[in-house]
Every structure is written in structure tokens, then in C-alpha cells.
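Q: here is a sequence with its predicted model. Questions after.
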Amino acid sequence: MTTTPRYHHALLLVPLYVSLAWLGMWLAAKPPSSLTVVWLPSGIGLIMLLLAGRRGLPLVLLSSAIANAGGWLYFGGSWGTALLAGLLLAPFDSLQSWLAWRGCGAPRRLLHDVGGLQRFFWRVCLLPPLLTTWAMYLINHALGAPATAQGHLAGLAMMTSGDCLGLFVVTPLYLVLREVPWPRLAGLTLKIAALVALPLLLAQGVHPWLIWLLGLTLIYVAIRYRIVGSSIAVALLTLASLLLLLSELGPQLAYEHSLSYVALSLMILSVGLAPHCIGLVIQQLDDVNHTLEQRVAERTRALREVQKQLETMAYSDSLTGLGNRHAFYIRLQEEQERATRRGRRFALALLDIDHFKRINDSYGHQTGDEVLRAVAVLMQDSVRVIDRVYRWGGEEFMIIFPDAGADDAMVPLQRICQLIGMQPVTTAKGELYTSVSIGVTEFAGRHDAIDALLGRVDALLYQAKRDGRNRIAR
Ligand SMILES: Nc1nc2c(ncn2[C@@H]2O[C@H](COP(=O)(O)OP(=O)(O)OP(=O)(O)O)[C@@H](O)[C@H]2O)c(=O)[nH]1
């Protein structure tokens, strides 16, 4: 049989189970006698199964047998009675843990939402003790355990509420321990201990009615620290109640003894349920909020992506990948303003592929597209990084040369003219020769309007066409 780390942890709980059981028996035997408020081993048994699954069942059986047999020996029972108590009671303790474990369903979801709290209370804390403690009570009684002063029913109620409270206190603590790192848990426990102690001390020292402040404290803890806080608070409240009872302090002792202990168990159960409920509701709201925020963030990211794509589509020419006419206008305006502000120049060239219609007519539109793409790449490769090439429309292109005059622009333009005129464009239909005509002008200072600039470059292009094409006019 292979053993996992979780099984080892369950194994380590055996001594804890036994010592908590003996501590419980010892407390019960203290005056005012035979009283149980909380039976912590019931919770420990469930944790063994949560850790080790079915393989934890023999561990619960063993722990319970040792605890019960030892208890009977301690209280003066014979070896035979002790052995019998161990053998007879252990299966019922194990059955209780098994029922509670089955009631948990998926432990991760146990105290995850308010619906889970209902399941936790009924199926984990209440039903398993209700179904098993009567048998254990009968066995104890048959073996010679005395009834409480208030009779069997009070004794049975005390045993059931004690087991129920054990499960109610220990299970959430286990879930908390699993999720919260130790240093944070220690800090949190100290803070909550101070908050829980305050109303208890006020009730003892000033006036018993001040015990009601405890309700406010627990609600505050639940709102502030969610289910983690309420779990720690309920455990601390149980501990504090036990200490107060041991010191024979506390308003509970005003009642009949055993019934007052049942009342205390029930009080802790009901007082504990409210903050758990508040903690879970707030936690659920937090989770919903978090999910919504995540979704909004995702949508915003997707929208930004679409916006980027739309911008690219709005400013670029899909065939050549160059900036389109819209982008050209924006850049031309910026360049004109910049040049005016700094007293600089810039050159503007308009290029047109000669007799492009013939290419389309002879080889088809697709081949025409290939030529347009090839010419676009060639132009882009022939200018400086800061120069910008745009598709003006059809087979016409614009180039803006920042910080350059028409003379400076002539150098790359001549290179473009020569390259296009001399080297063929490779297309699917074969190698094609073409040429470009170019008009080039420069910005003539602050009074040179954009329309005038465009009119000039257009006229120069037509001059180049008129003069025989495959040339530059300036
Ligand atoms: N393949 C293709 N052809 C286009 C595109 N846009 C415009 N054209 C074509 O480009 C041709 C332009 O013809 P014209 O304006 O007569 O110019 P041209 O034939 O180059 O003659 P010149 O400019 O006088 O040398 C037309 O046949 C348009 O259909 C395009 O995106 N792809």
C-alpha cells in the first residue's frame, strides 16, 4: 500500500484525537460533573477522512478505541469494560466521521457559498451526530456510565450537541488552515482573539448584558475577514466559553447544569452560523466582483485590439500596406506645421505608373496588383527611414521627404525612376517592364498652403507625363 503525505498528516492526527478526547473526558469529570460542551474529536475524525479518504477510517477506529478504552480505565472501569467500551464505541465514532465526510461532498466547495453553509450545517454537523450518539450513549450507559442529574434525555442532548459543535468548530478551521499561510493566520488570530475577548471581559467585569456586544463583534469580524475570520472567531469563542466554564464564570451556569451546557453548545452554533453566513455572502460578492472585473478587463483588451485593427484599416492601404490617402493628409498637415514652426523645408513627390491600364488590360487585375505591390516595396526601400511613402489612389503614390528640399529628394527619386524603368517586375504571368513619371516640389514657407502644394506637385506630374513619361519634373 502506498502512503501519501496527506495520509501521513492524517496519521499524525491520531495522538491529537486521543489527547483531545481525554482532555474532553477530564473536563467533563470536573465539577459540576459529567458535562460536555464541545467534543473536538468528532471534528478531528472528519479531518482524518478529508485528508486520507477511506484509508482514514481505520485511523478513526483506532483513535476512538484507544480514547474510549483509556477513558474508561481513567474513570475506574475494569480492563474488560475498558476493552469492551473501546471495541463497541469505536465503530460508531467511525460511522459518525464517515457520515460527516460523505456529507461534505467536494470539500473545496464546502464553505464556498451560502448554499454550502446549509449543507455543512445539516449534513456534516447535525445529521451524523443525531444518527450515532444515541447508540454511543446507550453503550456507555449499558457499561455503567451514570446518567446526568437531569436524566437520559439531557445527557443524550448534551452528547449530540457536543459532537455537533466539535464538527462545527473544527471543520472550518481545517479549511482555513489549508488556505491561509501561517504568518497571516497567526496575526489574524491575535486580532480576532482581542475582539472576541473584549465583550466577554466586559460581560464579566461590568454587566452581564454586555455579552450581547459579542454579536456585533462577530458580525464585524465576518465583514472584515470573511469566512476565515468567522471560523477563527467561532473557535476562539468556544475556547473562551470552556475557559470561563472551568473557572465557574459565565451566565450559562445560572441554568440547570447539563441543560445549560446544551444551551451553550446551541448558542455557539447559532451565534456562529450568522457570521459564517455574512462572511460567505460578502466573500461571494467579492468573487462575483472579481470575476466581473476580470471580464471587463478582458473585454477592454479585446476592444483595444479591435480599435487598433480599425485604426490600421482606417490609415493603411490594404493592397500595398502603405499609408492611405487619409494618413497622407494627416502627415502632410503635421509636416507643414512642423516646417512652419521651425523654419524648415520638406519635399513632396507624386509618382504615377505609366500606362498602368495596359498592364491591367493585358494581364488582368491581379497582375496589376502584383505590380503595384512590387513598386510600393521598391519605393519604400529606396528612401530614408524618415521619408514616408503613401498610396494616393489607383496607381499614384506620394512621398514626403522631411527636412529635405526638392534637390535632395531628386537623388532617391532618380534611383526609383531608374530601378523601375530598368529592372522588370516578377509576376505570376512573367516578368513585366514598366516605368514611373514623377512630379516633385518643396514647401515654400509659411504662406505655402497645402492645396497650393498639392496643385503644384500634380501639375508637375502632368508635365512629366506630357514630356514623354519615365521622368521627373520639378
Ligand atoms: N490592378 C489594379 N488596378 C487599379 C487599381 N486602382 C486603379 N487601377 C487601375 O489603374 C488604371 C489607371 O489608368 P489610367 O488612369 O488611365 O492611367 P494609365 O493607364 O497609367 O495612363 P497614364 O497615367 O496616362 O500613364 C485603371 O485601369 C484602373 O482600373 C488597383 O488597386 N489595382
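A: Noted; the coordinates are in hand. Numbering: from 1, shown residues only.

Q: and Ile282, what pLDDT?
A: Confidence at Ile282, expressed as pLDDT, is 89.

Q: that one contacts Ile223, correct?
A: Yes - the criterion here is Cβ atoms under 8 Å, and Ile282 meets it with Ile223 at 6.2 Å. In short, each C-beta sits where N, CA and C put it, glycine included.

Q: check which helices and strands the top helix by length along the chain is in contact with.
A: The helix that spans the most residues within the chain, counting by DSSP state H, is helix 257-315. On a contact count with 3 or more Cβ pairs under 8 Å, 6 or more residues apart in numbering; DSSP states H and E, helix 257-315 meets helix 114-119, helix 152-179, helix 213-246, helix 325-342.

Q: which one of those has the lowest average pLDDT?
A: Across the helices and strands packed on helix 257-315, the lowest-scoring stretch is helix 114-119, with a mean of 85.

Q: can you point out the buried residues in that helix?
A: 116-117, 119 (16 or more other Cβ atoms under 10 Å).

Q: make CSV from these and add distance to Gly393 to it.
A: Listed next are the buried residues of helix 114-119 as CSV, based on distance: Cβ to Cβ, whole Å:
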residue, distance to Gly393
Gly116, 66
Leu117, 69
Arg119, 70
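
Q: and which of those is nearest to the ligand?
A: The shortest gap between the ligand and any of the buried residues of helix 114-119 belongs to Gly116, at 63.9 Å (Cβ to the nearest ligand atom).

Q: what does the stretch 201-350 of the chain put close to the ligand?
A: Residues of the stretch 201-350 of the chain lying close to the ligand by Cβ under 6 Å from any ligand atom are Leu319.

Q: surely Glu442 touches Arg344?
A: No - between Glu442 and Arg344 there is no contact under Cβ under 8 Å: 10.7 Å.

Q: of these two, who's got more company?
A: In this view Glu442 and Arg344 are compared by other Cβ atoms under 10 Å, and Glu442 has more residues nearby, 23 against 14.

Q: hey, which helix or strand in this protein has the poorest pLDDT?
A: helix 114-119 (a mean of 85; mean pLDDT, DSSP states H and E).

Q: for the following helix or strand past that helix, what is the distance to the chain centroid?
A: As assigned by DSSP states H and E, the chain's next helix or strand after helix 114-119 is helix 127-143. The offset between the C-alpha centroid of helix 127-143 and the centroid of the whole chain comes to 44 Å, using Cα atoms, centre = their mean, to the nearest Å.

Q: how about helix 127-143: buried residues?
A: Neighbour-count burial for helix 127-143 [16+ other Cβ under 10 Å]: 127-129, 132-133, 136-137, 139-140, 143.

Q: ok and it relative to helix 152-179, angle-wise?
A: Calculated by axes from the mean of the first three to the mean of the last three Cα atoms, to 10 degrees, helix 127-143 forms an angle of 130 degrees with helix 152-179.

Q: now do helix 127-143: which elements does it pack against?
A: Helix 127-143 packs on helix 79-104, helix 152-179, going by 3+ Cβ pairs under 8 Å, 6+ apart.

Q: just say which of the ones you listed is most tucked in.
A: For the helices and strands packed on helix 127-143, average neighbour numbers computed from mean count of other Cβ atoms under 10 Å are highest in helix 152-179, which has a mean of 22.

Q: put the alpha carbons of the helix or strand just after that one into CSV.
A: The helix or strand immediately downstream of helix 152-179 is helix 182-205, counting by DSSP H and E. Coordinates of the C-alpha atoms in helix 182-205 are reproduced here as CSV (Å, rounded to 0.1, in the frame of the first residue of the first chain):
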residue,chain,number,x,y,z
TRP,A,182,0.8,30.5,8.8
PRO,A,183,2.2,34.1,9.5
ARG,A,184,-1.1,35.7,8.3
LEU,A,185,-3.1,33.2,10.3
ALA,A,186,-1.2,34.0,13.5
GLY,A,187,-1.7,37.8,13.1
LEU,A,188,-5.3,37.3,12.3
THR,A,189,-5.9,35.0,15.3
LEU,A,190,-4.3,37.6,17.6
LYS,A,191,-6.5,40.4,16.3
ILE,A,192,-9.7,38.3,16.5
ALA,A,193,-8.8,37.0,19.9
ALA,A,194,-8.6,40.6,21.2
LEU,A,195,-12.0,41.4,19.5
VAL,A,196,-13.7,38.3,21.0
ALA,A,197,-12.2,38.8,24.5
LEU,A,198,-13.4,42.4,24.8
PRO,A,199,-17.2,41.7,25.2
LEU,A,200,-16.6,38.6,27.3
LEU,A,201,-14.4,40.7,29.7
LEU,A,202,-17.0,43.5,29.7
ALA,A,203,-19.7,41.0,30.5
GLN,A,204,-17.8,39.5,33.4
GLY,A,205,-16.4,42.8,34.7
